[in-house]
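Asks: Structure for this input, please:
(2 chains)
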Amino acid sequence: MPDTETVEHDVLVIGAGGAGLRAAIEAAAAGVTVGVVCKSLLGKAHTVMAEGGVAAALGNVDDRDSWRVHFADTMRGGQYLNNWRMAEIHAKEAPARVLELEAWGAVFDRTPDGRILQRNFGGHRYPRLAHVGDRTGLEMIRTLQDHAVHLGIDVHMEVTVITLLTDGNRVCGAFAYDRERGRFRLFRAKAVVLATGGVGRAFSVTSNSWEYTADGQMLAYNAGAELQDMEFVQFHPTGMVWPPSVRGLLVTEAVRGEGGVLRNNEGRRFMFDDIPENYRSQTADTEEEGWRYVQGDKSARRPPELLTRDHVARCIVHEVRAGRGSPHGGVYLDIAWIKEKLPNAAEHIRKKLPSMYHQFKQLADIDITSEPMEIGPTTHYMMGGIRVDGDTQMTAVPGLFAAGECAAGLHGANRLGGNSLSDLLVFGKRAGEHAATFAKAHAAGRIDAGAVDHAARSALVAFEHGGGGEGPYHVQHDLQTMMQDLVGIVRHEDEMRQALARLDDLKRRAAGVGISGNREYNPGWHTAMDLRNLIAVSEAITRAALERRESRGGHFRDDYPDKDPVFAGFNVVLAKGEDGTMRLTRVPIPPLPAELEQVIEEQKS
Amino acid sequence: MSTATFRIWRGERGDGRFEDYPTTVSEGMVVLDAVHQIQSDQANDLACRWNCKAGKCGSCSAEINGKPRLMCMTRLNELDLERPVTIEPMRAFPHVRDLVTDVSWNFRVKQKIQKFTPTAPHAADGTWRMQQRDIDRVQEFRKCIECFLCQDVCHVLRDHQLHDEFVGPRFLVHIAALEMHPLDTADRTAELREAHGVGYCNITKCCTTVCPESIAITDNAIIPLKERVVDRYYDPLKALVRLVRGGTKGESRAT
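Replies: So this is what the prediction gives:
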């Protein structure tokens, strides 16, 4: 292609959130040349939105905590579909990864004796989340960014990858376009790390920004890697519901960690009404015990508002459907009530939850220190993703690695809050390290000029249709509404069959969209390009959800409302078949080693 | 539902004009919602940056009715919708297209600032101890979302275009966060005076006014940094000591 710039790196990292930056730092430290590609400006990736904290068993607030408890909590939260090796590594390595951030300048909130403070969060047995008020993600991404810029890493901002390039079965580069000029850029790389985050833009109510269009998942899939657990989408229980323009915006779980309670329109704390059997022994019997827990009383058990996200989200939907919801179709989340318990409650709330205070005050005219918030579930996180080796994070494609949200395994059927930020650090580092090792051991691959040419031509098709084709935003909107309605938080066989048919239609519409204007910073074009991955990932989610005929974790089926032991034994895995269609298999989960089995048993009490 | 007109700057690389877009507005909308609606229905190729839509990422900076603000945090009900709402790109940076500007200078500036350099760990397990009261100020500075609105409004950059001599309020806040970090051991005072040009700031506090994170940029960051420079280089007593001891200008260190 005449207007293509070629760039060469030993390791190419795609994505510059926590996982991508941590991978880049590690690869650079290993002495290879590193390039980072990101769709937005540096420091704007979704990690910046993470609020509550990063989970690591430091034991600073409760010394009963250890990697064993964290491991068991993660497995229980994931309903044992997790890649247990990843859960083990994660629990063991998270503390070192958090402390390392401090050495790079992060400033976490402190305990009275000057160590990193940790807070309670859903599904974590002890206070475990290192945090900075409710802006932990900002602290993390800025620390990584400021550390990385001094390591000689090349950052390609506002660049979107269209396809990975392979030589034989190994990866050898990527083909991309830059948003500003609309020019193509060819990356040659010995190893590639995918760290592109989630898929939230496939749904209409989401906490995710425009970037989360399943790029990494579909780049990997098209290059020959496998996807797993795609049926497990996390609907976070607390998103804003009003005003309409902020619907879906995240309300951190830290509100509940600091004592916030959920009530229906009758004022009842409905979370006490439905406590799952496997959490009963860990859950408070009374409101009074729940309050003592959030105040740090070690003899108390956690309030039911801090049960896992999948369960809390479903309880909220249940209340709303039973007619006990709030005026705008949610329920009430109340932190203001703690003024009954604390003398300086308003100040305490503003100190502990500054950005929530700010967000509600400015966007909804609600003062959370004096009145309850209205909240409801929002599409938040993808547990499923690219299937990787638990130790190295390498996919089925040699030289191709994945870390963070776009990879699968750690979280199983449901992710615990706070385990995402630690996931980014632990597996970002590992992916960077192993990608560097791979790059050192292999020469550059051969670029297939035909594949590059094909990708470039298909990227420009929408311009040929011009203003006469359908607008890309309308197709995107219809896709999001359809997925929300038919493959959302409560699923049913008939609706998902309908969704597959609708996806065929949307594929046709996406192929016909037209773009006016030129290639320079043209968001219409960018949106048109994103549609392919969004539609493909929607199909993957739907097919996997149809296959799992039970309810578990983030996946709830109206027609199969219970857990089924048969489905506890495997992950649903998708790969691209020879004929280009999605091939689905059930891949058995390898048995737990006796040592880890024992850890789970000892934590069951 | 009612209609309002948005007068948006369209064009490429400085060559542009305002265009009017009428669109329906509803309760609770922010300026970014209106821009998205216009983008979706009337101008698919309208260029703007955005990410979080919650005032946390600092991507959607623009000048709304002439004031530097985040589009996602500007509610329509605080604007006069009887008249067209003007939306322009940040004027202190080179124009790219429509509402997008080239802010890459900011990223280059940060690379030139001495990085965080911690003291040896305080405990045998390699960890540090810090008291919350000692980090409150640093945490205030670290709230910065890098929206660059303070850079946009600063007359040293906007009007005098001294980008080569002055790092601007954003990076003075960044330096203050490093300098006041209880664990940091680096000394940035000489650079502050020379390369970073802290003396150019004449404390008009425009940066503080536009900061969406309400960081007291001038009072808490810039003035203390100016004091450090003054203390080292312009203290008459210290100058006298230097004269007597024959120390070189700029190299006297408090011991």
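Asks: rest of the way, CA atoms for contacts and neighbours
Replies: Fine.
Asks: Not counting sequence-adjacent ones, nearest residue to residue A:398?
Replies: Leaving aside its chain neighbours, residue A:398 sits nearest to residue A:170 (4.7 Å; criterion: CA to CA, 6 or more residues apart in numbering or on different chains).
Asks: average model confidence for the helix or strand encompassing residue A:595?
Replies: Residue A:595 belongs to helix A:594-602 when assigned by DSSP states H and E. Helix A:594-602 shows a mean pLDDT of 96.
Asks: Same question for stretch A:125-143.
Replies: 96.
Asks: what's the answer for stretch A:69-82, then?
Replies: Mean predicted confidence for stretch A:69-82 is 97.
Asks: likewise stretch B:234-248?
Replies: 78.
Asks: before we move on, what about stretch A:347-361?
Replies: Averaged across stretch A:347-361, the pLDDT comes to 93.
Asks: Buried ones in it, by neighbour count?
Replies: Neighbour-count burial for stretch A:347-361 flags A:348-350, A:352-353, A:355-360 (criterion: 16 or more other CA atoms under 10 Å in any protein chain shown).
Asks: Pick the one among these closest to residue A:62.
Replies: residue A:352 (19.3 Å; CA to CA).
Asks: Do I have it right that the closest one meets residue A:135?
Replies: No. Using CA atoms under 8 Å, residue A:352 is not in contact with residue A:135, being 9.9 Å away.
Asks: where along the stretch 251-400 of chain A do the helices fall?
Replies: For the stretch 251-400 of chain A, applying DSSP state H, counting those that start in this stretch gives helices covering A:254-257, A:287-294, A:309-321, A:345-352, A:354-364.
Asks: sorry, that was for the stretch 401-550 of chain A
Replies: For the stretch 401-550 of chain A, applying DSSP H, counting those that start in this stretch gives helices covering A:419-441, A:449-459, A:461-465, A:472-486, A:493-511, A:523-547.
Asks: and residue 157, how many residues sit next to it?
Replies: Because you didn't say which chain, this covers chain A. When neighbours are defined as other CA atoms under 10 Å in any protein chain shown, residue A:157 has 19 of them.
Asks: other chain: chain B
Replies: Quick note: residue B:157 (other CA under 10 Å) scores 21 neighbours.
Asks: And the one 3 residues further on, by the same measure?
Replies: Using other CA under 10 Å, residue B:160 has 10 other residues around it.
Asks: Then the one 5 residues further on?
Replies: Using other CA under 10 Å as the criterion, residue B:165 is surrounded by 15 other residues.
Asks: my read: it touches residue B:199, true?
Replies: No. Distance between residue B:165 and residue B:199: 10.1 Å, which falls outside the contact criterion (CA under 8 Å).
Asks: residues in contact with stretch A:226-234?
Replies: A:217, A:220-221, A:309-310, A:379-387, A:395-396, A:408-409, A:412-415, A:540-545, A:548, A:553-555, A:571-576 (CA atoms under 8 Å, 6 or more residues apart in numbering or on different chains).
Asks: ok, now stretch A:482-499?
Replies: With CA under 8 Å, 6+ apart, stretch A:482-499 has contacts from A:202-205, A:235, A:314, A:502, A:538, A:542, A:546, A:554-559.
Asks: Stretch A:138-149 now?
Replies: With CA under 8 Å, 6+ apart, stretch A:138-149 has contacts from A:17-18, A:21-22, A:24-25, A:42-43, A:47-50, A:101, A:104-107, A:132, B:56, B:111, B:115, B:142-143, B:145.
Asks: among the helices of the stretch 251-400 of chain A, which is nearest chain B?
Replies: helix A:354-364 (6.8 Å; CA to the nearest CA).
Asks: Which parts of the chain belong to which domain?
Replies: Looking at chain A here, since you left the chain open. A:4-232+A:383-448, A:240-377, A:450-569 (automatic domain parsing).
Asks: not what I meant, chain B
Replies: If you go by automatic domain parsing, chain B breaks into B:2-101, B:104-245.
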